[in-house]
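Chemist: pasted the sequence and its predicted model underneath.
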Amino acid sequence: MVRWHTPLFRFGVWVAMLAATTACSSFITLVTLFAPTTSIRPTDIPSAITAQAIADCPVTQPMGEPPTDPLYRDFNVGNEENTLFSILWPDSTVIFKPGGAGEISPDGSLSMKWPWYRQNIKGQVVIEGQRLDSFAPPLRSTVGCCYDNSTAAPDCCYGNTGFTPSALIFPSTGCWEVTGRVNDHQLTFVTLVLKLD
């Protein structure tokens, strides 16, 4: 029979405690080694749009004269020089919904076809944009029939003037400012982007 106060018993207790401590330290080391090395900050995640942000979004209203070409008279927003035009959705609100226009990517980004018209100017449309009501990555785009590097190549099949299509890729819903440029000519508008389930 082993007595509680004997050196042999105390040695056994010490060995058991050492083993438990070593196992615990090893577990902590494994957790540390295999834990993600980067953390996601709340500001890295685009937030959903709130009712207040919808009400506060300074959406652009149709303005300016339409293009002189009768085929493009439905373009309802243009710059002051009447050189670059586009089309705003009703109430300047782009709506993504099941079975509706546009595409929703696996990463949650929202892509919508968007037309542009270049009147009496030559050059490819370059598009940029930012969310106004909250953090989000910048707007991406594809222009014309060429879909790399966010802009059309010089030999794009839609030519160097007149009509050209694009796709605006919104990383999230929200209040978005969009700017299209052709050389020194610029058109900026603000639109809401909403998603209905």
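Modeler: Sure thing, it's come through. Numbers count the residues shown, from 1 in each chain.
Chemist: distance check, the most centrally placed residue in the chain against residue 73.
Modeler: Nearest to the mean C-alpha position of the chain, by C-alpha atoms, centre = their mean, lies residue 171 at 1.5 Å. Per C-beta to C-beta, to the nearest Å, residue 171 is found 33 Å from residue 73. For glycine as for every other residue, the C-beta is placed from the backbone atoms N, C-alpha and C.
Chemist: and residue 163, by the same measure?
Modeler: 12 Å.
Chemist: the two - which one has more neighbours?
Modeler: Ranked by neighbour count (other C-beta atoms under 10 Å), residue 163 and residue 73 place residue 163 first, with 17 against 11.
Chemist: the more buried one and residue 117 touch, don't they?
Modeler: Yes. Counting by C-beta atoms under 8 Å, residue 163 does reach residue 117; the two are 5.4 Å apart.
Chemist: so what are the domain limits for this structure?
Modeler: 1-35, 45-195 (automatic domain parsing).
Chemist: which parts of the chain are strands?
Modeler: Applying DSSP state E to the chain gives strands spanning 77-78, 84-86, 93-96, 103-104, 110-118, 126-131, 140-143, 162-170, 174-182, 185-195.
Chemist: deepest of those strands, which one?
Modeler: strand 84-86 (a mean of 24; mean count of other C-beta atoms under 10 Å).
Chemist: coming back round to it: can you list the strands of the chain in TSV and add mean pLDDT?
Modeler: Converted to TSV, the strands of the chain look like this (pLDDT from 0 to 100):
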stretch	mean pLDDT
strand 77-78	97
strand 84-86	98
strand 93-96	96
strand 103-104	94
strand 110-118	96
strand 126-131	97
strand 140-143	91
strand 162-170	94
strand 174-182	97
strand 185-195	97
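Chemist: which one of the ones you listed lies closest to residue 58?
Modeler: Ranking the strands of the chain by proximity to residue 58 (C-beta to C-beta) places strand 185-195 first, at 5.5 Å.
Chemist: and that closest one, which strands flank it?
Modeler: strand 93-96 (parallel), strand 174-182 (antiparallel) (DSSP bridges).
Chemist: now render the ones you listed as JSON lines, adding distance to residue 138.
Modeler: Compiled in JSON lines, the strands paired with strand 185-195 are given as follows (distance: least, C-beta to C-beta, whole Å):
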{"stretch": "strand 93-96", "distance to residue 138": "17"}
{"stretch": "strand 174-182", "distance to residue 138": "10"}
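Chemist: looking at those strands, which is closest to residue 69?
Modeler: Using C-beta to C-beta, the strands paired with strand 185-195 put strand 174-182 closest to residue 69, at 16.3 Å.
Chemist: the inter-axis angle of that closest one versus strand 126-131?
Modeler: Orientation of strand 174-182 against strand 126-131 (axes from the mean of the first three to the mean of the last three C-alpha atoms, to 10 degrees) gives an angle of 160 degrees.
Chemist: could you give the bridge partners of residue 166?
Modeler: Beta-bridge partners of residue 166, as defined by DSSP bridges: residue 114, residue 143.
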